[in-house]
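Participant: The sequence isn't on hand, but the structure is:
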């Protein structure tokens, strides 16, 4: 039995879960998320606890068991507490600001890089070198953070660029000034 798949999911009091056949809807203070469950996997809710079960031990079904439980758990966590990714901008003259619902980044290019908020996330810029991306959907938050980081990934020689706050950049040594003959 899957160790992840068999763990029950406790639903907080302020979260409503609706299971309609293979469709699951989770509503909470941070928003509403919907998902479609694989036809082979069964999801049930009793007394504020969601359980995910599988009919047999085929490899594909075993894989889907743990995946489905993790996705439903992320939905419940997302609408109750939410997810966030923090990014840090390093480099001389590199800075970010927020203009309405747009993220404006000066990253050493000849032009500003502008990204708009997408539905389901919020962008906060507490300092000129920090970006906080938050929202209820873990996948959307992570993908948007990756798209922002992609605009200027950190480079290994000086460490300039956009990196996750908990990411460690392994620094490289520059050219070795070898002897000339």
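Facilitator: Here it is on my side, so go on. No experiment lies behind these values; they were computed from the predicted model shown.
Participant: Next, the buried residues of stretch 50-61.
Facilitator: 50, 51, 52, 54, 61 (16 or more other CB atoms under 10 Å). Heads up, the C-betas are built off the backbone N, CA and C, glycines and all.
Participant: That should have said stretch 142-156, apologies.
Facilitator: Of the residues in stretch 142-156, 144, 145, 148, 149, 152, 154 count as buried by neighbour count, 16+ other CB under 10 Å.
Participant: Please apply the same query to stretch 125-136.
Facilitator: When neighbours are counted by 16+ other CB under 10 Å, the buried residues of stretch 125-136 are found to be 125, 131, 132, 133, 134, 135, 136.
Participant: And the residue lying closest to the first one once chain neighbours are set aside, how close does it get to residue 153?
Facilitator: The shortest distance from residue 125 to any residue other than its chain neighbours is 4.6 Å, reached at residue 98 (CB to CB, 6 or more residues apart in numbering). As defined by CB to CB, to the nearest Å, residue 98 lies at a distance of 22 Å from residue 153.
Participant: Strands of this protein, start to end?
Facilitator: Counting by DSSP state E, one finds strands in the chain at the ranges 9-10, 16-20, 23-28, 31-36, 42-46, 49-53, 83-90, 95-99, 102-106, 113-116, 122-127, 130-135, 161-164.
Participant: Residues contacting the shortest one, please?
Facilitator: The reference is to strand 9-10. Contacts of strand 9-10 from elsewhere in the structure, counted by CB atoms under 8 Å, 6 or more residues apart in numbering, are 48, 49, 50, 51, 52, 69, 72, 73, 76.
Participant: what pairs with it, and is each one parallel or antiparallel?
Facilitator: In the sheet, strand 9-10 lines up against strand 49-53 (antiparallel) (DSSP bridges).
Participant: got it, and the second one?
Facilitator: The partner list of strand 16-20 in its sheet, established with DSSP bridges, is strand 23-28 (antiparallel).
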